[in-house]
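Novice: here you go, sequence then predicted model.
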Amino acid sequence: MRLSSLADYAVVMMGAAARHCGSASLVDAEGRKRARTSATELAAETGIPLPTAQKLVSLLTRAGLLKSVRGAGGGIKLARPSAAISLADIIEAIEGPIAMTNCTTHTTCSCTIAPDCTVKPHWNAVNSAIRGALGDVSLASISAGARI
């Protein structure tokens, strides 16, 4: 199993967003804690191209992981605490449900061996184990100790 570049970028970008939006050590020019960031700032910090960062912000906002704030002092921020966002949440926001095979996520399977497949009943256990492992890794742990 390999993550798409977009999912990988989403994890990197959410880690940067967590550092910007959840760290008391980040302050603005007036000494106030920064609670928001922007796709432009995240792109510059992570090296992710701006159009890709903007697309990710849209997908992550739609999935309820980021929140867009309008107006003066607006920007984007985490929709919930970084400890309450898992690696699985981020990956599923980009890739959809975590599944090793298509036959476990679709009601109909177009696989030619489906009628005689003895493996299909076991994929749900594998998928659950992978989802569980990814679910155990919080955004807080991903972003902890990383330098900006």
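Specialist: Yep, that arrived. Residues are numbered from 1 along each chain as shown.

Novice: show me what secondary structure element comes after the helix or strand harbouring Tyr9.
Specialist: Using DSSP states H and E, Tyr9 sits in helix 5-22. Next helix or strand after helix 5-22 toward the C-terminus (DSSP H and E): helix 39-46.

Novice: okay, the angle between that next one and helix 5-22?
Specialist: Interaxial angle, helix 39-46 versus helix 5-22 (axes from the mean of the first three to the mean of the last three Cα atoms, to 10 degrees): 100 degrees.

Novice: give me the number of residues near Glu45?
Specialist: For Glu45, the count of nearby residues is 17 (other Cβ atoms under 10 Å). Using the backbone N, CA and C atoms, a C-beta is placed for each residue, glycine as well.

Novice: re the thing from before, so what's the model's average confidence on the helix holding Tyr9?
Specialist: Average pLDDT, helix 5-22: 92.

Novice: how about it: buried residues?
Specialist: By neighbour count with 16 or more other Cβ atoms under 10 Å, helix 5-22 contains the buried residues 7, 9-22.

Novice: nearest to Ala114 among the residues you listed?
Specialist: For the buried residues of helix 5-22, the minimum distance to Ala114 (Cβ to Cβ) is 27.3 Å, reached by Ala7.

Novice: could you find the closest non-adjacent residue to the closest one?
Specialist: Setting aside the residues directly before and after it, Ala7 is nearest to Ile94 in space (Cβ to Cβ, 6 or more residues apart in numbering), at 4.3 Å.
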